[in-house]
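**Q** Take a look and give me a structure for this.
(2 chains)
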Amino acid sequence: MALTTTTEEVAGRVPITVLALDGELDASNFERLIVEVSGLYDRGTRNLLVDLGGLTFLASSGLVALHSIVRILHGERPDDLDSGWDVLHHLGHDAATGDEMQREVQLAAPPPAVARVLQRTGMDRLFVIHEGRDAAIAAF
Amino acid sequence: MVLTARSLRVDARVGALAEVRTFIRSAAADAGAPAECLEDLVQAVDEAATNTIVHGYDGAPGWIEVGAGLEDDRFVIRMEDAAPEFDPTSVPEPDMSISPMDRRPGGMGVHLIRACTDTMSYRPRPGGGNILTLVRATGPDWTKEG
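**A** You can find the predicted model right below:
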């Protein structure tokens, strides 16, 4: 199953772009997702909710995409994929206090298998993860 | 010798990953794997195949063969390729104490293979290439050991 994306602008407490993913996010399409979010940022998106409710598979390459999406929303360049993904990056989180959870990109509705991938890789420490889209929009 | 109930051979390209996942999902389901375990096995095989395609063949043409089946009380997956030799069991565990933002974002594939299987073993393929064997015990309820 291929990956399809749909975007929607929502007026919450702040303007939010909701990016819904449907299908499988893997090594064949994660770069396309990064390009798409770069375009959203260029067109003004500063708060992004990624709705994972329709995601049936998340590969580690999809985690690279999520990592890059955070960088993009912080106004930085996405990860350098040509360097074999072997890159280290630092964002402005406060390592001293352990407050590493940024809020510009938040996630909603991960199915159990997707939630396990986020948890097993520690990526759940990087995102506020909401059970549903409406609660997520209210929380931005 | 691993007895494989079925096998699939695909070209080494990322566009073939969906077919590999469909194959292993079907093989594991036919062997009676419960849903959560089935998703683990799909994850492990996808990560291993991705590593072979992206890092092993690195754009060069090639193939991957996946065999899977029950062997006594174990579900055994054997993955074979002709890419340059690389032993994924030599990859160290990521330091999970480091913030996910500062960790190598692409270093999670082998970690997920370990998390999703009971054992991962490697040997070079005679004549060139790699043979990776992934095992998940089937009882009770295919629960991951350890």
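
**Q** For the helix ranked longest in chain B, what is the distance to the chain centroid?
**A** If you go by DSSP state H, chain B has its longest helix at helix B:35-51. Relative to its parent chain, helix B:35-51 has a centroid offset of 6 Å by CA atoms, centre = their mean, to the nearest Å.

**Q** Buried residues of the helix or strand just after that helix, list them for me.
**A** Next along the chain after helix B:35-51, taking DSSP states H and E as the criterion, comes strand B:63-71. Within strand B:63-71, the residues scored as buried using 16 or more other CB atoms under 10 Å in any protein chain shown are B:Trp63, B:Ile64, B:Glu65, B:Val66, B:Gly67, B:Ala68, B:Gly69, B:Leu70. C-beta coordinates here come from the backbone N, C-alpha and C atoms, glycine included.

**Q** got it, and stretch A:1-10?
**A** Neighbour counts over stretch A:1-10 (16+ other CB under 10 Å) mark A:Leu3, A:Thr5, A:Val10 as buried.

**Q** Would you mind writing the CA trace of that stretch as PDB?
**A** The C-alpha trace of stretch A:1-10 is given here as PDB (Å, rounded to 0.1, in the frame of the first residue of the first chain):
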ATOM      1  CA  MET A   1       0.000   0.000   0.000                       C
ATOM      2  CA  ALA A   2       1.500   3.300  -1.000                       C
ATOM      3  CA  LEU A   3       1.600   6.400   1.100                       C
ATOM      4  CA  THR A   4      -1.000   9.200   0.500                       C
ATOM      5  CA  THR A   5      -1.000  12.500   2.300                       C
ATOM      6  CA  THR A   6      -3.700  15.100   2.800                       C
ATOM      7  CA  THR A   7      -3.200  18.500   4.400                       C
ATOM      8  CA  GLU A   8      -5.700  20.800   6.000                       C
ATOM      9  CA  GLU A   9      -5.400  24.200   7.600                       C
ATOM     10  CA  VAL A  10      -7.100  24.500  11.000                       C
END
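
**Q** Please give the centre-to-centre distance between that stretch and its chain.
**A** Relative to the chain's own centre, stretch A:1-10 is displaced by 13 Å; criterion: CA atoms, centre = their mean.

**Q** average pLDDT across that stretch?
**A** Averaged over stretch A:1-10, pLDDT sits at 94.

**Q** cool, and stretch A:55-63?
**A** Here stretch A:55-63 scores 97 as its mean pLDDT.

**Q** And the helices in chain A?
**A** Secondary structure of chain A (DSSP H): helices located at A:30-42, A:60-73, A:112-120, A:133-139.

**Q** Mean neighbour count, the ones you listed: which tops it?
**A** helix A:60-73 (a mean of 24; mean count of other CB atoms under 10 Å in any protein chain shown).

**Q** tell me what it is packed against?
**A** strand A:15-25, helix A:30-42, strand A:48-58, strand A:105-108, helix A:112-120, helix B:35-51 (3 or more CB pairs under 8 Å, 6 or more residues apart in numbering or on different chains; DSSP states H and E).

**Q** could you redo the ones you listed as TSV and give each row distance to B:Ala115?
**A** Shown next, in TSV, are the helices and strands packed on helix A:60-73 (distance: least, CB to CB, whole Å):
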stretch	distance to B:Ala115
strand A:15-25	18
helix A:30-42	20
strand A:48-58	13
strand A:105-108	20
helix A:112-120	5
helix B:35-51	8
